[in-house]
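> Compute the structure for the input listed below.
(one chain, ligands or ions: 3)
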Amino acid sequence: MTTMRSNRSIDGLMAELMALAQISEAEPPVVTRVVFSQADLRARSYVKRLCAEAGLAVREDAIGNTFARWEGSAPELAPIGTGSHIDAIPNAGLYDGCVGVLGGLEAIRVLQGLGFKPRRSIELVIFTAEEPTRFGIGCLGSRMMASVLEPARALALRDKQGQGLEELRQQAGFTGPLESVALSSGRFHQFVELHIEQGPLLEQEGVDLGLVTHIAAPASVRIVLEGEGGHAGGKLMPGRKDALTAAAELILALEAAAKSSGALDTVGTVGVCDVFPGAVNSIPSRVRLETDVRDTDGARRDHVLEILYAKCNEVAQRRGVAITTELVNADPPATCDPMILAAMEAAAVEAGRSYKRMVSRAYHDSLFMARIAPVAMLFIPCRGGVSHRPDEYASPEWIGSGVHVLARTLATLAS
Ligand code: GLV
Ligand code: MN
Ligand code: MN
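Ligands and ions are numbered 1, 2, ... in the order given. Sure, this is the predicted structure:
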């Protein structure tokens, strides 16, 4: 494929990305697409229609992971996978995940347009619920594919309204046994995910592409603090058991622990703080925190968690507030496959694109695909490193170069 010259314009893909962004629970251009919401289901229909129009055979599993297959000349061989997710956190932009799904489809259409005939089949995968918004745990679909989340634990998951995963997936039309979601090692020969960087380095350094060598290790702990409520005027300060001021200590302790780890790779965030009863003249009696801690080094990440747990004990004793913690997930980091990286590097060179090897600090479905297949990721820049915000932006040129190099990589891997 050294002479690969597609005359497809990027305009079609950009129009599809914009059309997908219109399918949102929020007022576009703000994208909110929580798993199994009406917007998620409509977005899935849209993408499945595009896949069918490209002649791909579409299949869904029991949790809604979607596989769109371009049959190779040796269909008995394990396929090459590519893809990402189309769910979006509240108040998001339109590129996170969607570039890997619609860009992956575009890469397939580029190869089809060039008359390329893959030996191995190429499968575009749209993973269910990469975002943890609804069920509190990220990469639900890929986690189950890789048997990291057992069906029994998945069945116990509930959203904040108390609706269970089982009920919600059935309503969404995904009814098979959850046991059937797990895939064996070898089901995919290799897997490549195209994604925006979600950090500033490529843009700052003027580099076209990031070849991801490692994916940082994420962890999440849910913390519930039970204090004592009461009248904000009547109850004097001595002896109060305010759950929110106790939570504030934990929030600051997590920030300090992440900052003092000795490495910039350590990050700690409290992204959810639900206060009960949430009235200005009422002392908070219950607080629920959801924390997110990550590092490229799993042991260093775990050390931050230990500091957090120790602080929970200390604050509970000193303030007389009951604090319970639940470890939602603590996943090891992933290492990308040198052979796929070499194929991506050759593709970037042939396409005349600049590139650098880098670490992904965000997690991705590839973190779990790495448990069952060799994986690598291809990053494109995003403006200002901004992501998980409505002003997330990747230029048509950046997207075009990602798709082009992904197409070349898929051609190499599938040959
Ligand atoms: C994925 O969206 C992440 O939070 O890294
Ligand atoms: Mn995301
Ligand atoms: Mn993503």
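
> Please count neighbours and contacts with C-alpha atoms only from this point.
OK.

> measure Pro332 to Pro396 for me?
Pro332 sits 34 Å away from Pro396, going by CA to CA, to the nearest Å.

> tell me the mean pLDDT for the lengthiest helix in the chain?
For the chain, the helix with the greatest residue count under DSSP state H is helix 298-319. Averaging pLDDT along helix 298-319 yields 98.

> what packs against that helix?
Secondary-structure packing of helix 298-319 (3 or more CA pairs under 8 Å, 6 or more residues apart in numbering; DSSP states H and E): strand 217-226, helix 243-259, strand 286-295, strand 322-330.

> Recalculate using a threshold of 7 Å.
If you count contacts as 3 or more CA pairs under 7 Å, 6 or more residues apart in numbering; DSSP states H and E, helix 298-319 packs onto helix 243-259, strand 286-295, strand 322-330.

> contact partners of it?
217, 241, 246, 250, 253-254, 257-258, 266, 293-295, 322-323, 332-333 (CA atoms under 7 Å, 6 or more residues apart in numbering).

> Pick out the residue of this structure closest to ligand 1.
Per CA to the nearest ligand atom, Ala362 is where the chain lies closest to ligand 1, at 3.4 Å.

> My assumption is that that residue lies in a helix; please confirm.
No: counting by DSSP: H, G, I helix; E, B strand; the rest coil, Ala362 is not part of a helix but coil.

> Which residues are in contact with it?
By CA under 7 Å, 6+ apart, the contact set of Ala362 is Ala216.

> Distance of it relative to Leu250?
Counting by CA to CA - Ala362 and Leu250 are separated by 23 Å.

> what's the span of stretch 388-402 from first residue to last?
End to end - CA to CA - stretch 388-402 spans 20 Å.

> in the sheet, who's paired with the residue in the stretch 201-350 of the chain positioned nearest to ligand 3?
Residue of the stretch 201-350 of the chain nearest ligand 3, by CA to the ion: Ile215 (12.4 Å). For Ile215, the beta-bridge partners are Ala334, Ser360 (DSSP bridges).

> and among the helices and strands packed on helix 298-319, the most buried is which?
strand 286-295 (a mean of 23; mean count of other CA atoms under 10 Å).

> Is ligand 1 within reach of that strand?
No: on the criterion CA under 6 Å from any ligand atom, strand 286-295 is out of touch with ligand 1, staying 8.6 Å away.

> So what touches that strand?
Strand 286-295 is contacted by residues 216-227, 243-244, 265-276, 301 when judged by CA under 7 Å, 6+ apart.

> Tell me which of the helices and strands packed on helix 298-319 lies nearest to Met14.
Checking these against Met14 by CA to CA gives strand 286-295 as the closest, at 32.3 Å.

> What is the distance between that closest one and the centre of its chain?
Strand 286-295 sits 17 Å away from the centroid of its parent chain (CA atoms, centre = their mean, to the nearest Å).

> What strands line up against it, and which way round?
Note on strand 286-295: by DSSP bridges, its sheet partners are strand 217-226 (antiparallel), strand 267-276 (antiparallel).

> Tabulate the ones you listed (CSV), appending distance to Leu406, mean neighbour count and mean pLDDT.
Putting the strands paired with strand 286-295 into CSV (distance: least, CA to CA, whole Å; neighbours: other CA atoms under 10 Å; pLDDT from 0 to 100) gives the following:
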stretch, distance to Leu406, mean neighbour count, mean pLDDT
strand 217-226, 25, 22, 97
strand 267-276, 30, 17, 97
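
> The protein against ligand 3: which residues are in contact?
Residues of the chain lying near ligand 3 by CA under 5 Å from the ion: Asp96, Gly97.

> rerun that using 6 Å as the cut-off
Within reach of ligand 3 by CA under 6 Å from the ion, the chain has these residues: Asp96, Gly97, His364.

> Just give the nearest non-adjacent residue to the first one, would you?
Spelled out, that is Asp96. Distances taken as CA to CA, 6 or more residues apart in numbering place Ile196 nearest to Asp96, at 6.3 Å, with adjacent residues excluded.

> Which strand residues bridge the residue of the stretch 151-300 of the chain found nearest ligand 3?
Among the residues of the stretch 151-300 of the chain, His195 lies closest to ligand 3, at 6.8 Å counting by CA to the ion. Each beta-bridge partner of His195 is listed here: Phe379, as defined by DSSP bridges.

> Is it correct that it is in contact with Gly100?
Yes: contact criterion CA atoms under 7 Å: His195 and Gly100 qualify, at 5.3 Å.

> Which of these two has more residues huddled nearby?
More crowded of His195 and Gly100, by other CA atoms under 10 Å: Gly100, with 32 against 28.

> In space, what's closest to the more buried one - neighbours in sequence excluded?
The nearest residue in space to Gly100 (CA to CA, 6+ apart) is Leu194, at 4.5 Å.

> wait, doesn't the one you found sit right on Met377?
Yes: look at Leu194 against Met377 with CA under 7 Å: they come within range, at 5.8 Å.

> what about His189, neighbour count?
Counted with other CA under 10 Å, the neighbours of His189 add up to 20.

> What of the one 10 residues further on?
Residue crowding around Gly199 was assessed by other CA under 10 Å; the count is 18.

> I'd say it and Gly385 touch.
Yes: at 3.9 Å, Gly199 counts as touching Gly385 under the criterion of CA under 7 Å.
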